[in-house]
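Q: what's the 3D shape of this:
(chains A and B)
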Number of protein chains: 2
Amino acid sequence: MKKISRRKFSTTLTKGIGGAALLNGMPLACAMGNPNKPQKSLGVALVGLGSYSTYQLAPALQDTEYCHLAAVVTGTPEKARTWSSRYNIGEEHIYNYENFDAIKDDEGVDIVYVVLPNSMHAEFTIRAAKAGKHVICEKPMAMSVAECDTMMEACEQAGVKLAVGYRLHSEPFTKEVKRLVRDKTYGKLRYISADAAYISRGNPDQWRLNRELSGGGALMNMGVYSIQSIIYGSGENPISVSAQEFSTRPEYFKQTDETITAQFELPSGAVGQMMTSHNVRANRLYASCDSGWYELDPASTYIPLAGRTSDGPMNFEQESQQKLQMDDFAKHILEGTPNVAPGEMGKRDMVIVEAIYKSIAEGGKTIPLDLGNMGIVKRS
Amino acid sequence: MKKISRRKFSTTLTKGIGGAALLNGMPLACAMGNPNKPQKSLGVALVGLGSYSTYQLAPALQDTEYCHLAAVVTGTPEKARTWSSRYNIGEEHIYNYENFDAIKDDEGVDIVYVVLPNSMHAEFTIRAAKAGKHVICEKPMAMSVAECDTMMEACEQAGVKLAVGYRLHSEPFTKEVKRLVRDKTYGKLRYISADAAYISRGNPDQWRLNRELSGGGALMNMGVYSIQSIIYGSGENPISVSAQEFSTRPEYFKQTDETITAQFELPSGAVGQMMTSHNVRANRLYASCDSGWYELDPASTYIPLAGRTSDGPMNFEQESQQKLQMDDFAKHILEGTPNVAPGEMGKRDMVIVEAIYKSIAEGGKTIPLDLGNMGIVKRS
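A: Model (predicted):
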């Protein structure tokens, strides 16, 4: 079976670039009879088996070329059994939150993907780094900028790579927007607008609505997509932000923000505007330049994105965003291609999140931002 | 010639509803051999012969059914001669700003259309009312709420009708949006966004960029369209507003605002967001409801609007917006149909404009609005 073969491969390899060096001249993929297969596939451990792992990441990892699902970390024994049987994961690759650190000795695992509630991102990123594993952490990167710093430091010290689960940097419509920005296809940017919102009606006790676990509401969950859109849709980090909060269902959104709007000043003079909400359905990136415009709508969903420009519709083949993302991170580790969503990018977005909350707390005051090129990845 | 006939007709009639009563049973249009023609056509005087009068209103008035171009008011003798010859307007129907009040005795004129710089709206609306003429005044209605009050009082006292040149209330895509709102076709509204902006690069001394003549920049000129979109796109007057101003070309926009963003709280809980600018190209209304959405893009240009909903594109025949507007106002006068853009609506929008400038002056503070149903026209 392909899955088993992949895992077996992986366990024979040491991780990362070092591992790749060991393999020099060993055409393992060719030995399997598939000349298009890369020489190495990195093992991924999913930490947290909620719906994103279940319905997006695990299926995507069946189709990736440079990595594969190698281990899971869960606090629920029932889930451990289900996943073990569904994905043929041996008992030795199944961990819980207590014995997680033993993953250090699991040679089948090269990458740990932290798919936990926000409050656990820093802890498990740091524990994974200390276990010598590369880490990809879901968005938002952490609860605070301070936590981002500790995560980046831990990965730096351990000599492992750190990425944020910003899958859109690997997604073709988004990459096309980044190309239009890079090439200045439509001339000077004047205005960029980004909405990312859905209507939450589920269990009011879900972790996303619990401030201790989420660190915030719509802004932490969907707002980071709007922030991302503003930045990759312009190619610029904002130099100031002001923001407002709106609440209409306080009985449901007891602890977390429901709807937030924010305005950005970009160094080029372009103005940015965003809306994020757990009480609205909207998902769009729009940019107006001197000689044309571009739009993604939807701009950040898992379902296929759609895009158009003043010249007409964008057309790209649809592929799993999570597959593309995982292969990009694995290639970064294996081949030194750019880390398209490094920890620094996640930290930068948290700087902006904190400035937005600060502006709201100060009645909409404009908060200056001094980001320089922080988190801007060239040619990704 | 049709134009001359129309004008001659009009001069035989006293104005307004009273005039219509006198005509009871007199099928004048039928006498002309056209059974579809209305029984009466009101004479319109254009005050100010700038580009809007020249390229939009005068051509539209050649196609209207309930009114016709009857007189012009201009400070430029050369323009008087051109218009007289182009539109067959007799010398006795040509006025300048000094002798304008003599229009009182011009029985050919039923409606005065004020198409002057904003600073002259109040003066000429009041002088027209005192001359016993119905008035339609270009947007924004005036320089301030206080001026709007004096204009409304003057029309009230004179017993004449007052409308604002909000042509979109007569435009089919906009009327469709108002129908979707009225029928709650897509359920509860959650979010509405409105952009109205163009890039000004012309003469920096134009009146629109001169605060004494315009009263303000992008907000006064294009921002009122965004405010209008927010309100007719939701069917609600906002209960609060906060706003921000952005400036990147102060050497060009010496006296007036370049780009303004604003956020609205609506009584239903929906959130509104707008952007207006003299430095951006954008023109859109978007509303997201529980079970669908609607969008106009462009939403407020003279060129044909375009619209779509979550069910597909909107399709309407294109007609001159100005023609439809003038016929609606004439029918309001002749037949008592609703005044689709009454003075009260223009005043309400100036209340919002003043609140936006106040919020900006106070660093983005949220300004409460107590508008009730002011300016909301039912079933228009």
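Q: hmm, who's touching the one helix or strand A:Val224 maps to?
A: Using DSSP states H and E, A:Val224 falls within helix A:224-232. Defining contact as C-beta atoms under 8 Å, 6 or more residues apart in numbering or on different chains, one finds that helix A:224-232 is touched by A:139-140, A:166, A:168-169, A:174, A:177-178, A:181, A:192, A:194-196, A:237-238, A:262, A:264, A:272, A:274-276, A:285, A:296, A:299-300, A:349, A:352-353, A:375-376. C-beta coordinates here come from the backbone N, C-alpha and C atoms, glycine included.
Q: Now do the same for A:Met374: helix, strand or coil?
A: coil (DSSP: H, G, I helix; E, B strand; the rest coil).
Q: How much space separates the nearest residue to it once chain neighbours are set aside from B:Glu251?
A: Leaving aside its chain neighbours, A:Met374 sits nearest to A:Arg348 (4.5 Å; criterion: C-beta to C-beta, 6 or more residues apart in numbering or on different chains). In this view, A:Arg348 and B:Glu251 are 32 Å apart by C-beta to C-beta, to the nearest Å.
Q: Check whether A:Pro293 really touches A:Thr185, as I assumed.
A: For residue A:293 the amino acid is Trp, not Pro. No. With contacts counted by C-beta atoms under 8 Å, A:Trp293 stays clear of A:Thr185, the gap being 10.5 Å.
Q: So those two - more neighbours on which side?
A: Neighbours were tallied for A:Trp293 and for A:Thr185 using other C-beta atoms under 10 Å in any protein chain shown; the higher tally belongs to A:Trp293 (21 against 16).
Q: The stretch 101-250 of chain A against chain B: which residues are in contact?
A: Within the stretch 101-250 of chain A, the positions near chain B by C-beta under 8 Å from any C-beta of the partner chain are A:Arg190, A:Tyr191, A:Ser193, A:Asp195, A:Ala197, A:Ile199, A:Ser242, A:Gln244, A:Phe246, A:Thr248, A:Arg249.
Q: Among these, which ones are in strands?
A: A:Arg190, A:Tyr191, A:Ser193, A:Asp195, A:Ala197, A:Ile199, A:Ser242, A:Gln244, A:Phe246 (DSSP state E).
Q: Quickly list what's touching both of A:Trp293 and A:Thr185.
A: Common neighbours of A:Trp293 and A:Thr185 (C-beta under 8 Å, 6+ apart) are A:Thr309.
Q: Please, where are all the strands along the stretch 101-250 of chain A?
A: Assigned strands in the stretch 101-250 of chain A, in chain order: A:111-114, A:134-137, A:162-164, A:189-199, A:240-246 (criterion: DSSP state E, counting those that start in this stretch).
Q: Same list (the ones you listed) but as CSV, adding distance to B:Asp205.
A: As requested, the strands of the stretch 101-250 of chain A are exported to CSV (distance: least, C-beta to C-beta, whole Å):
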stretch, distance to B:Asp205
strand A:111-114, 60
strand A:134-137, 56
strand A:162-164, 51
strand A:189-199, 23
strand A:240-246, 31
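Q: what about the ones you listed, which gets the closest to B:Val73?
A: Minimum separation from B:Val73 across the strands of the stretch 101-250 of chain A (C-beta to C-beta) falls at strand A:189-199, 37.4 Å.
Q: What is the closest one packed up against?
A: The helices and strands touching strand A:189-199, judged by 3 or more C-beta pairs under 8 Å, 6 or more residues apart in numbering or on different chains; DSSP states H and E, are helix A:224-232, strand A:271-277, strand A:279-289, strand B:189-199, strand B:271-277, strand B:279-289.
Q: Mind listing the strands the helix or strand that the last one is followed by pairs with, and their directions?
A: Think strand B:279-289. Later in the chain than strand B:279-289, the nearest helix or strand by DSSP H and E is strand B:292-296. The strands beside strand B:292-296 in its sheet (DSSP bridges) come out as strand B:279-289 (antiparallel), strand B:307-309 (antiparallel).
Q: now the angle between strand A:189-199 and the first one, please.
A: In this case it means strand B:279-289. 10 degrees (axes from the mean of the first three to the mean of the last three C-alpha atoms, to 10 degrees).
Q: now the angle from strand B:279-289 to helix B:224-232?
A: 0 degrees.
Q: follow-up on the earlier one: which of the contacts of helix A:224-232 count as buried?
A: A:139-140, A:166, A:168-169, A:174, A:177-178, A:181, A:192, A:194-196, A:237-238, A:262, A:264, A:272, A:274-276, A:285, A:296, A:299-300, A:349, A:352-353, A:375-376 (16 or more other C-beta atoms under 10 Å in any protein chain shown).
Q: for chain A, which spans come out with low pLDDT?
A: For chain A, the stretches with pLDDT under 70 are A:1-38, A:379-380.
Q: residues contacting the spatially most central residue of it?
A: Nearest residue to the geometric centre of chain A (C-alpha atoms, centre = their mean): A:Gly165, 1.6 Å. A:Gly165 sits next to A:Tyr113, A:Val115, A:Ile136, A:Cys137, A:Glu138, A:Lys139, A:Gln325, A:Ala341 when contact means C-beta under 8 Å, 6+ apart.
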